[in-house]
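Colleague: need coordinates for the below:
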Amino acid sequence: MIAANSLGERQQEFMAQVLDDEHPLPAGWTDRHAAGMDIYRNAYRARLVDALRDTYERTAKWAGEDAFRQAAAHHLINRPPNSWTLDDAGDGFPETLRELFTGDPEVAELGWLEWAMHRAFVAADAVPMVAEDLGKLAATFAEEDWGNMQLTFLPGTDQRLVRHDVGALWRALAGEEELAAEDRPEVISAQPMHLVVWREGVKPVFMQVSDAEGRALQMMRNGSTYGAMCAYLVESLGEEEAIAESGAMLGRWLHNGLIAAITK
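Modeller: Numbering: from 1, shown residues only. Predicted coordinates:
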């Protein structure tokens, strides 16, 4: 009977063989064993590449299948999965895309969106607040409570600054077929935007917002008070516009179901 620690060592050695082509073969292995490991290693990587392809479907369409699969293989060799679930196989892949597609930075931004939506889909359940909830809470607010107000957002909510119209890419890549060259949209954005991802019921969704709104949202997600957010908006937009925008942003986040709780 194999001892538990010996079994664990053998399992680690086996995975080292699977993940690293250059890992020395165990003592006593023949050419037949090495050939069998090559077959297993290739099948293992192919399955992981397929898992990445499923998670990053639109990114693969935009980058091109061959380029995507080469990037996926590069990622899996350099950052092999360390989780028991295929849900985590794509972790860090947007960073790999950023490194590999330096001439096409929108590829990494699109990849980030797909990964964020994937993570939002498997995030913990929570019930978003509605306008009636805020109305009841606001009835108990003193004037200073508005300035001290903090927001808790739904699990899985995430955001990123982007410099391309990733929303246009997402819509253009929704079909089953590859995009013809003449159908590929222009993706350069004149102004930086923020992609915001969350889950609506069981469906991950996203919106693109202005840089000012994205920074305001990031402040609130990081624990800032509503008063501090409003001060930032006054500095960025001017007092008159900030007054209108601060209320509009809060209403938009509430309407879209991003807010899980409000505290004062």
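Colleague: can you tell me how far Tyr226 is from Ala126?
Modeller: 20 Å (C-beta to C-beta, to the nearest Å). The C-beta positions use only the backbone N, C-alpha and C, and glycine is treated the same way.
Colleague: counting neighbours, go ahead and name the busier of the two.
Modeller: Shown here are Tyr226 and Ala126; by other C-beta atoms under 10 Å, Tyr226 has more neighbours (21 against 17).
Colleague: quick one: the helices in this protein?
Modeller: 4-19, 31-55, 57-63, 65-78, 93-100, 106-121, 131-138, 143-148, 166-172, 211-221, 226-237, 239-255 (DSSP state H).
Colleague: which secondary structure elements does the third one contact?
Modeller: Here helix 57-63 touches helix 65-78, helix 106-121, helix 166-172, going by 3 or more C-beta pairs under 8 Å, 6 or more residues apart in numbering; DSSP states H and E.
Colleague: among the helices of the chain, which is nearest Ala190?
Modeller: In terms of C-beta to C-beta, the element of the helices of the chain nearest to Ala190 is helix 211-221, at 11.5 Å.
Colleague: which helices and strands does the closest one pack with?
Modeller: Packing partners of helix 211-221 (3+ C-beta pairs under 8 Å, 6+ apart): strand 150-153, strand 158-164, strand 188-200, helix 226-237, helix 239-255.
Colleague: domain ranges for the chain?
Modeller: With domains defined by automatic domain parsing, the chain comprises 1-104, 126-264.
Colleague: in TSV, list the ones you listed along with mean pLDDT.
Modeller: As requested, the domains of the chain are exported to TSV (pLDDT from 0 to 100):
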stretch	mean pLDDT
domain 1-104	74
domain 126-264	93
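Colleague: how about CSV for those, with distance to Leu113 added?
Modeller: Output for those, formatted as CSV (distance: least, C-beta to C-beta, whole Å):
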stretch, distance to Leu113
domain 1-104, 8
domain 126-264, 6
